[in-house]
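J.: take this sequence and fold it.
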Amino acid sequence: MHSEAAIPKPDPKANLLISQFRRENESWRRTLEFLIEEDIILKAGISEVLKNMNQTDESILKKLEHFHNRLIEQNDTVRLLRTGVADMGKKMNPDYYFEPDLSNSITLTQRMLRKQMETAELEFLKLKFDFNDYIDRIFQN
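T.: Next comes the predicted model:
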């Protein structure tokens, strides 16, 4: 005699949620790759400005160093997020049955990653626009 309670039944709602989380994580992987590419472009921009400066202007050097340091901080954030997103991808294996406790843990972690991704994207976009505005002001003077 088999007990119905002993055989786990798939939860359609949980499966849909996990499926959504997988799509979200895939989007985050693409976003993080884009941020890495943009970081390279911005660092090349800093290098180009430094190469083409006629005289050494201490205030420009300090501001470029400030932007470079902000990019380094962003690199650290992106590296940690890439690790977090990859770890979540492993936890959301499609062949794995999700028990309620694991599903709750994944949901909490996903929410945390979502907030961190939002913050990282917004900070990077602000950095990019600040840098481009600063370069524009340098060349307008």
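J.: name the nearest residue to Glu38, sequence neighbours excluded.
T.: In this structure, Glu38 finds its nearest non-sequential neighbour in Lys128, 6.4 Å apart by C-beta to C-beta, 6 or more residues apart in numbering. Backbone N, C-alpha and C define where each C-beta goes, glycine included.
J.: check what pLDDT the one you found gets.
T.: Looking at Lys128, its pLDDT stands at 96.
J.: quick one: buried residues of the helix or strand containing His66?
T.: Applying DSSP states H and E as the criterion places His66 in helix 58-91. When neighbours are counted by 16 or more other C-beta atoms under 10 Å, the buried residues of helix 58-91 are found to be 63-64, 67-68, 70-71, 74, 77-78, 81-82, 84-85, 88, 91.
J.: helix or strand right after that helix?
T.: Following helix 58-91 in sequence, per DSSP H and E, is helix 100-140.
J.: counting contacts, what elements does that next one pack onto?
T.: helix 12-51, helix 58-91 (3 or more C-beta pairs under 8 Å, 6 or more residues apart in numbering; DSSP states H and E).
J.: mind putting the ones you listed into TSV with mean pLDDT?
T.: Output for these, formatted as TSV (pLDDT from 0 to 100):
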stretch	mean pLDDT
helix 12-51	92
helix 58-91	94
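J.: Arg22 against Lys91, yeah?
T.: No. Applying C-beta atoms under 8 Å as the test, Arg22 and Lys91 come out as separate, 10.4 Å apart.
J.: before we move on, the earlier item: measure the residue nearest to Glu38 to Asn69 for me?
T.: 15 Å (C-beta to C-beta, to the nearest Å).
J.: element containing Thr56?
T.: Going by DSSP H and E, Thr56 is not in any helix or strand.
J.: how about Asn54?
T.: Using DSSP H and E, Asn54 sits in no helix or strand.
J.: and for it, the neighbour number?
T.: The burial metric for Asn54, expressed as a neighbour count using other C-beta atoms under 10 Å, is 5.
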